[in-house]
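[1] Mind folding the following:
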Amino acid sequence: MVTSDIIFKYFPDLSEVQKNQFRQLGDLYLFHNERVNLISRKDIQNLYTNHILHSLALAKFCDFLPGNHYMDIGTGGGFPGIPLAILFPKSQFTLVDSIGKKIQVVNDVIAKTEILNATGFHLRAEQMPIKVDTIVARAVAPCIELWNWSTGLWKKKPSFYLLKGGDLAEEINEVLAISPKTKVQMHAISDILGEFEFFETKKVLKIIA
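    Numbering: from 1, shown residues only. Presented below is the predicted three-dimensional model:
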């Protein structure tokens, strides 16, 4: 089983507080996954690569600014929101999911690891009464659906940092059809995490209107 050391390899400048928070995630998710189906039983052994490191891949290609507010739509067990909140303690993270038992886990993990800049909500994104700077998400829905769900959530203009896989041409074209001036950048995660076969088809998609 890959341990938290893999996180420290790719993010060597973490504080001791951050390192301890990442270390705690292993036991916490093992505990909760026995009670709530967050991650497949087979895949829980790959927690630190396929879920935590995958979430943090966003940080290699996207800017997370102090004071900015980020919403994780369809967070499930807290990915990518919880790892990002640990990595960027001066940014604010709101984690949203429509499944209550998953948000209960999210908030327990946040409390047990003493993450002070993240909160989970059992709501749909379009029900959230807040404004954010950027939406993050991991393989939740097509880009156009995320775009539609987030109408009314923006402080300024739409901004998405997404973890995706496969051929994204159609998804990108759907967004450009309704917002032609939107800037889209796509990055292959394997460019930085090539030692893991899991990331071969995984991408970061950055969409800025």
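[2] What is the burial count for residue 85?
    Neighbourhood size, residue 85 [other CB atoms under 10 Å]: 27. C-beta coordinates here come from the backbone N, C-alpha and C atoms, glycine included.
[3] before we move on, what about the one 5 residues further on?
    The number of residues packed around residue 90, counting by other CB under 10 Å, is 10.
[4] Need the nearest residue in space to it, chain neighbours excluded.
    Spatial nearest neighbour of residue 90, chain neighbours left out: residue 66 (3.8 Å); criterion: CB to CB, 6 or more residues apart in numbering.
[5] That neighbour: which element?
    Assigned by DSSP states H and E, residue 66 belongs to no helix or strand.
[6] just how off-centre is the top helix by length along the chain within its chain?
    Longest helix of the chain, by residue count under DSSP state H: helix 16-33. Put simply, helix 16-33 sits 16 Å off its chain's centre (CA atoms, centre = their mean, to the nearest Å).
[7] Just the buried residues of that helix, please?
    18, 19, 21, 22, 23, 24, 25, 26, 28, 29, 32, 33 (16 or more other CB atoms under 10 Å).
[8] Now tabulate those in JSON lines and tack on distance to residue 1 and pLDDT.
    Shown next, in JSON lines, are those (distance: CB to CB, whole Å; pLDDT from 0 to 100):
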{"residue": "18", "distance to residue 1": "21", "pLDDT": "98"}
{"residue": "19", "distance to residue 1": "18", "pLDDT": "98"}
{"residue": "21", "distance to residue 1": "19", "pLDDT": "98"}
{"residue": "22", "distance to residue 1": "15", "pLDDT": "98"}
{"residue": "23", "distance to residue 1": "13", "pLDDT": "98"}
{"residue": "24", "distance to residue 1": "15", "pLDDT": "98"}
{"residue": "25", "distance to residue 1": "13", "pLDDT": "97"}
{"residue": "26", "distance to residue 1": "8", "pLDDT": "96"}
{"residue": "28", "distance to residue 1": "15", "pLDDT": "96"}
{"residue": "29", "distance to residue 1": "12", "pLDDT": "96"}
{"residue": "32", "distance to residue 1": "17", "pLDDT": "94"}
{"residue": "33", "distance to residue 1": "13", "pLDDT": "92"}
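[9] Taking the centroid of the protein, which residue is nearest it?
    By CA atoms, centre = their mean, the chain has its centre lying nearest to residue 80, at 1.9 Å.
[10] Surely that one and residue 163 touch.
    Yes. Residue 80 sits in contact with residue 163 when judged by CB atoms under 8 Å, with a separation of 6.4 Å.
[11] Let's see the pLDDT reported for residue 198.
    With respect to pLDDT, residue 198 has a value of 95.
[12] where does the closest residue to it other than its chain neighbours land in three-state SS?
    Nearest residue to residue 198 in three dimensions, chain neighbours excluded: residue 50, at 5.4 Å (CB to CB, 6+ apart). Secondary structure assignment for residue 50 (DSSP: H, G, I helix; E, B strand; the rest coil): helix.
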